[in-house]
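Chemist: A structural model of the following input is requested.
(2 chains)
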2 protein chains.
Amino acid sequence: MRILKRPNTLAVFFAALSMSLLMSACEPAASDEPADASAASEPTYVLAIHGGAGTIRRSDLSPEREAQYRAKLEEALRAGHNVLSGGGSSLDAVIATLTILEDSPLFNAGKGAVFTHEGTVELDASIMDGATKNAGAVAGVKHIRNPIALARLVLEKSPHVMLTGDGAEEFARENGVEMVDNSYFYTEWRREQLERAKAAEGAMGAAMPPGEELAPGAYKYGTVGAVALDRAGNLAAGTTTGGMTNKRFGRVGDSPIIGAGTYADNATCAVSSTGWGEYFIRGVIAHDIAAMMAYGGASVEEAARTVIMDKLEAMGGTGGVIAMDREGHVAMPFNTEGMYRGRIDAEGNVTVEIYKD
Amino acid sequence: MRILKRPNTLAVFFAALSMSLLMSACEPAASDEPADASAASEPTYVLAIHGGAGTIRRSDLSPEREAQYRAKLEEALRAGHNVLSGGGSSLDAVIATLTILEDSPLFNAGKGAVFTHEGTVELDASIMDGATKNAGAVAGVKHIRNPIALARLVLEKSPHVMLTGDGAEEFARENGVEMVDNSYFYTEWRREQLERAKAAEGAMGAAMPPGEELAPGAYKYGTVGAVALDRAGNLAAGTTTGGMTNKRFGRVGDSPIIGAGTYADNATCAVSSTGWGEYFIRGVIAHDIAAMMAYGGASVEEAARTVIMDKLEAMGGTGGVIAMDREGHVAMPFNTEGMYRGRIDAEGNVTVEIYKD
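Modeler: Presented below is the predicted three-dimensional model:
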C-alpha cells in the first residue's frame, strides 16, 4: 500500500483493518452479483462490459432487436476473452472488446454514435492501465474510426493524458492512424433521434428547469465500456462514446475524463461508467468507488452499489458502472430502467443482461 | 452523511469513527500550516490562493520581481476578502480573486499565459460549488479574456459541465461574453519560454524517455487557483491556466478537470491543484484528498499532505495543492522547489509565501 510510506498513515491502515472487521461483524459480504473469481492464489481472468444505461424497457425492444444486442455483446465478450485466455494483457482485451462495439451500429460509440446539435458526430474515449495508472483520453474527435484505439495510442506514445479536437486528430495522423469521413458514423436511427430531440427541445421551450432541456432521459444512453483482469493480475478499464444526442458547444461528458468515466488501479478496482455524464463528472464517480475501497475498506460490490444507488441517486444523476477488483469480483449497479451488460469468466461462461429484473 | 442512507453503510460510519479515534491516539493532529479558523460555531471566512508550483528558487527571482509577485498575490487575496467580508459567496470570492490573477501578466493564466507549440495561447479553467457540487469547466479557449468567469457561466447557465474549443466560445458569444483577439494574451517573456522549450526539445531529440521531452520542469508552473469559505459556510474552488509551454495536439491538463485540478464539496473540502497536470489527472488528486477525508476520516492537512507528499511523489509527479475544509483549516503542500501561495483570514491578516523554506 502506497499510503503506508509515512508512519502516521499507519493509522489509516489500522482503521481500514478495523473497518473490515466491523463490516464482517455487521453482515456477511453482500453482493448484487455473484463473484467470478477463483481462489485468489491461482491466476484467473475476467472481462465485463456495458453497452449503456438508460430507459431501456422490455416494451422498447423487439425480440429481434434484443437478440441483436445480446449477440453483439457476447461477440465482444468472446473477443476480449480470447485475448485474456491467450495470456494477453487486460489493456489488449479492453481494446479488442470495445473495437467490436465501436464497429457495431447498435451502440452509441464509433459507428452508431449519436448526432450533435449540428448534425455531426463527435467522439470521446479513455483508457487506463491499473498496473501503472497510465491513462490516455481523446475528446471531440470526428474522423477516428476507433477512438478507444486512439486513447490507447495517447497512453503509449504521448507524454500527455488528454488530447482534444483537431489536435488529437493531428496526433493520430502523425502516428499513422487511418482517418474516416465523418459520414462513416451516420446511421438513420440516430438521425431520427436527433430530430426527435430537437423537436422536444422546441416543444419544451424555456420553461424547463436548467439541465433538463438538452438532456431528456431518452437521449443519453449507449456509451460502451469494458473492465478486465488478466492472468498477470493487472486491471484495465476503457470507455468510448458519441456523447449525448443534440449536444452543443463542444460539450464533453464523463467518458474521456479519468476519474469520472474511467478509472483503473490494481490497488483497488477498474471502473467504466455510463449514464448522464454531467453527474458522473461532478461526483467523480469512477474514482469515488476506488477511494471507498482504498480508504473505507469497502468491497468492490459495496463501494459500487453505494456510489451509484445512494450517492449518484441523491445527486439526481442516472446511470451505472461496471467495476471489477483484482480478484475478479464484478459489480454492475445502475439506477436506470436497464443497462446493457455482460461478463465472461476464465472458463468462457458468458452472462448477458439488459433489464433491471 | 449521504452514505448513511443504507443500513449496511453504518459500518463505514463506525469504521470512520474508529479511524478518527485511532488517529488521535497515534499522534496529535499534525499540521503543516496553522489553522485559520475561529471556533466552528461562529461563522468565519477564509480565502487561499496559489499562483503555481515548480522550480521556483530564490536565485531565480530578483527582489523586484519577487515584490511584484507578492503584491499581486496580496491584491488578489484582498479582492476576494472584500467579497467575503461583505457577505458574498465563496464562488464570487473565487471569481474576484482569480480575475485579478488572470489579468496580470505574471501568472500562467489569462494575460500572461504560456504559448502552445503553434505560438498561440489556449486556456483552460474550472470552478466548483461545494454547496451544490455544481461545476463548470472550459478547455482550449482562445478568445476569452477571463476563462474562470466563463467556467462560472457554464456552471450557472449550461446543463453541461465541460465545454471545449470553438463550441465553448460559441456558448460564450451567445451569452454576451466579450471576446478578445488571441494576441491580447501574448507577452514577450512567455514567447522566449516557448523558444527555449523548442530548442531544448530539439537538443534532446528522440533519446529522452517518453513523458520528458515535452514537459521539462521549467516550463510547467504558473497555474493559478483559489479556494474559499464564506460566512454561510459554503466552500468553492477554482483553477485557471494556460497549460504547458509548447503543448501540442489540443493537450488538456488537469486544470479544467473536475476531480483532478478542482474539487469542492461542503462535506469535505475545496481543492485547487497546480503542477504537472498529467499526474494530477492520473491520480485524480483533488478528489483523492476529499475522499481520504470522507472515507478515511483524515483531516484536510493530513489528507492533502499524504496525497501530495506520498502518493503524487511516488508516481513521479510534481506540484502542489491548496485545500480548505469547512472550518477554514488550510493545507498547502507541494513537492517542488516553490509554490506561489497565500491566504487571508476573516480579520484581514494576509500571508504570502513563495519558497519551500
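Chemist: mind listing what's buried in stretch A:280-292?
Modeler: For stretch A:280-292, burial by neighbour count (16 or more other C-beta atoms under 10 Å in any protein chain shown) applies to A:280-292. All C-beta atoms are positioned from the backbone trio N, CA, C, and that covers glycine.
Chemist: overlap between those and the residues near chain B?
Modeler: A:281-284, A:287-288, A:291-292 (C-beta under 8 Å from any C-beta of the partner chain).
Chemist: quick one: low-confidence parts of the stretch 201-350 of chain A?
Modeler: For the stretch 201-350 of chain A, the stretches with pLDDT under 70 are A:202-221.
Chemist: Return the residues of it in contact with chain B.
Modeler: Counting by C-beta under 8 Å from any C-beta, the residues of the stretch 201-350 of chain A near chain B are A:210-215, A:247-253, A:257-260, A:263, A:277-278, A:281-284, A:287-288, A:291-292, A:294-298, A:302, A:306, A:309-311, A:314-315.
Chemist: Check the stretch 51-200 of chain A too.
Modeler: Close to chain B, as judged by C-beta under 8 Å from any C-beta, the stretch 51-200 of chain A has residues A:128, A:133-135, A:139-140, A:157-168, A:170-171.
Chemist: Quick check: PyMOL command selecting the buried ones in those.
Modeler: To isolate the buried ones among these in PyMOL, judged by 16+ other C-beta under 10 Å, type:
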select buried, chain A and resi 128+133+134+135+139+140+158+159+160+161+162+163+164+165+166+167+168+171
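Chemist: Pull up the distance across stretch A:108-124, start to finish.
Modeler: End-to-end span of stretch A:108-124 (C-alpha to C-alpha, to the nearest Å): 11 Å.
Chemist: again, but for stretch A:274-294
Modeler: Note: stretch A:274-294 ends 22 Å apart using C-alpha to C-alpha.
Chemist: now it, how far from the centre of its chain.
Modeler: Chain-centre distance of stretch A:274-294: 11 Å, with C-alpha atoms, centre = their mean, to the nearest Å.
Chemist: For residue A:103, see how far away residue A:86 is.
Modeler: Separation of residue A:86 from residue A:103 (C-beta to C-beta, to the nearest Å): 21 Å.
Chemist: between the two, who's got more neighbours?
Modeler: residue A:103 (16 against 10; other C-beta atoms under 10 Å in any protein chain shown).
Chemist: Skipping adjacent residues, who's closest to residue A:235 in space?
Modeler: Closest residue to residue A:235 apart from its sequence neighbours, by C-beta to C-beta, 6 or more residues apart in numbering or on different chains: residue A:130 at 3.2 Å.
Chemist: I'd say that neighbour and residue A:264 touch.
Modeler: Yes. The pair residue A:130 and residue A:264 passes the contact test of C-beta atoms under 8 Å, sitting 3.7 Å apart.
Chemist: Which residues are in contact with each of the two?
Modeler: The contact sets of residue A:130 and residue A:264 overlap at A:235-237, A:270 (C-beta atoms under 8 Å, 6 or more residues apart in numbering or on different chains).
Chemist: Pick the one among those residues closest to residue A:124.
Modeler: Among the shared contacts of residue A:130 and residue A:264, residue A:237 lies closest to residue A:124 (C-beta to C-beta), at 14.7 Å.
Chemist: thought the closest one was touching residue A:268?
Modeler: No. Residue A:237 lies out of contact with residue A:268 (C-beta under 8 Å); the separation is 11.3 Å.
Chemist: and these two? which has more neighbours close in?
Modeler: residue A:237 (34 against 24).
Chemist: how about the more buried one, secondary structure?
Modeler: The three-state label for residue A:237, taken from DSSP: H, G, I helix; E, B strand; the rest coil, comes out as strand.
Chemist: With residue B:50 as the reference, measure out to it.
Modeler: Computed with C-beta to C-beta, the distance linking residue A:237 and residue B:50 is 31 Å.
Chemist: Count the residues that sit near the closest residue to residue A:222 other than its chain neighbours.
Modeler: Distances taken as C-beta to C-beta, 6+ apart place residue A:108 nearest to residue A:222, at 2.7 Å, with adjacent residues excluded. By other C-beta under 10 Å, the residues close to residue A:108 number 29.
Chemist: and residue A:108, that's in a helix?
Modeler: No. With three-state DSSP as the criterion, residue A:108 is located in coil rather than a helix.
Chemist: Now do the contacts for it.
Modeler: For residue A:108, the contact set (C-beta under 8 Å, 6+ apart) comprises A:52, A:114, A:190, A:221-224, A:241-243.
Chemist: before we move on, back to that, narrow the buried residues of stretch A:280-292 to those in helices?
Modeler: Residues of these located in helices (DSSP state H): A:280-282, A:285-292.
Chemist: Pick the one among the residues you listed closest to chain B.
Modeler: Distance to chain B, by C-beta to the nearest C-beta, is smallest for residue A:291 among those, at 3.4 Å.
Chemist: Please tell me how far that closest one sits from residue B:286.
Modeler: Distance, residue A:291 to residue B:286, using C-beta to C-beta: 12 Å.
Chemist: now do residue A:121
Modeler: Remark: distance between residue A:121 and residue B:286 (C-beta to C-beta) = 32 Å.
Chemist: One more: residue A:280?
Modeler: According to C-beta to C-beta, residue A:280 stands 16 Å off from residue B:286.
Chemist: and what of residue A:279?
Modeler: 18 Å.
Chemist: next one: residue A:99
Modeler: Residue A:99 sits at a distance of 33 Å from residue B:286 (criterion: C-beta to C-beta).
Chemist: same deal with residue A:258?
Modeler: 12 Å.
Chemist: Overlap of the contact sets of the two?
Modeler: residue B:260.
Chemist: Just give the number of residues close to the residue nearest to residue A:235.
Modeler: Look at residue A:130: counted by other C-beta under 10 Å, it has 28 neighbours.
Chemist: can you pull the contacts of it?
Modeler: A:90, A:234-237, A:264-266, A:270, A:326.
Chemist: List the backbone torsions phi and psi for residue A:353.
Modeler: In terms of degrees, to the nearest 10, the main-chain angles of residue A:353 are phi -130, psi 160.
Chemist: and it, how many neighbours does it have?
Modeler: Number of residues near residue A:353 (other C-beta under 10 Å) recorded here: 16.
Chemist: circling back to that earlier point, quick one: buried ones out of the shared contacts of residue A:130 and residue A:264?
Modeler: A:235-237, A:270.
Chemist: ok, of the residues you listed, which one's closest to residue A:330?
Modeler: Of all those, residue A:330 sits closest to residue A:270, with 10.0 Å by C-beta to C-beta.
Chemist: What sits closest to residue A:79 if chain neighbours are left out?
Modeler: Excluding the flanking residues, the one nearest residue A:79 by C-beta to C-beta, 6+ apart is residue A:96, at 4.6 Å.
Chemist: which SS class is the one you found?
Modeler: Assignment for residue A:96 (three-state DSSP): helix.
Chemist: Please verify my assumption that it contacts residue A:83.
Modeler: Yes. Judged on C-beta under 8 Å, residue A:96 makes contact with residue A:83 at a distance of 4.9 Å.
Chemist: State the distance from the residue in the stretch 201-350 of chain A that chain B sits nearest to to residue B:169.
Modeler: Minimum separation of the stretch 201-350 of chain A from chain B (C-beta to the nearest C-beta) falls at residue A:250, amounting to 2.6 Å. With the distance defined as C-beta to C-beta, residue A:250 ends up 9 Å from residue B:169.
Chemist: Show me what the longest helix seen in chain A is packed against.
Modeler: For chain A, the longest helix by residue count, based on DSSP H, is helix A:63-85. Where contact means 3 or more C-beta pairs under 8 Å, 6 or more residues apart in numbering or on different chains; DSSP states H and E, helix A:63-85 is packed against strand A:46-54, helix A:90-103, strand A:224-229, strand A:338-344, strand A:350-355.
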